[in-house]
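In: Just the structure for this:
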Amino acid sequence: MTTGTSEDDHAVVAVRAVERLRLAEARLARRRQADSGPSENARAAMRLILERADDGLNVTPTEIAHALGVSTASVTGMLERLHLGGLIGFVANPSDRRSKYVVPFDRSADVDAIDPVTARIREFAGDLPAVALDQVAAFLDRVREVVDAEGA
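Out: Numbers count the residues shown, from 1 in each chain. Predicted coordinates:
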């Protein structure tokens, strides 16, 4: 009789953990939607805009669309709402008149305050060794690819 845990048992543990994560994300999305706050994409866009600004880099609407995996048309509408809400502004790209950069209006805004869930995840990730982080990231990327491919 074997007392060790098989690879299949570990796989089941991982699959169940991913399913619990997916259910929790669905609950979070429903709560956030009911709160009429910014959408998940708007939160992700704001994180990207603020992080780029903190790094001294510019970001275009097209880059935001690519990072979020959505159309430039949906990003345009979302950015307009963020602009009307006083969160972002636009500046001309000096090297391309057809392009503009998206900049935060108030750089005192805390990225972690925009999405405290991401802040906590970043905190937990800091407790893991680099090799584990690489493995977790690779695993989650593969899970995301499966989710993205569903119904496509």
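
In: Spatially central residue in the chain, please.
Out: Centroid-nearest residue in the chain: residue 44, 4.5 Å away (criterion: C-alpha atoms, centre = their mean).

In: List the contacts of the spatially closest residue to residue 61 that is not a sequence neighbour.
Out: Beyond its immediate neighbours in the sequence, the residue positioned closest to residue 61 (C-beta to C-beta, 6 or more residues apart in numbering) is residue 75, lying 5.2 Å away. In short, each C-beta sits where N, CA and C put it, glycine included. Going by C-beta atoms under 8 Å, 6 or more residues apart in numbering, residue 75 touches 41, 45, 61-62, 64-65, 68.

In: Now find how far off-centre the helix or strand that contains residue 141 is within its chain.
Out: Following DSSP states H and E, one finds residue 141 within helix 130-149. Relative to its parent chain, helix 130-149 has a centroid offset of 14 Å by C-alpha atoms, centre = their mean, to the nearest Å.

In: how about low-confidence regions in this structure?
Out: Of all residues in the chain, those with pLDDT under 70 make up the ranges 1-5, 32-37, 107-115, 152.

In: now for the longest helix seen in the chain, which elements pack on it?
Out: Counting residues, the longest helix found in the chain (DSSP state H) is helix 7-34. Using 3 or more C-beta pairs under 8 Å, 6 or more residues apart in numbering; DSSP states H and E as the contact criterion, the neighbours of helix 7-34 among helices and strands are helix 130-149.
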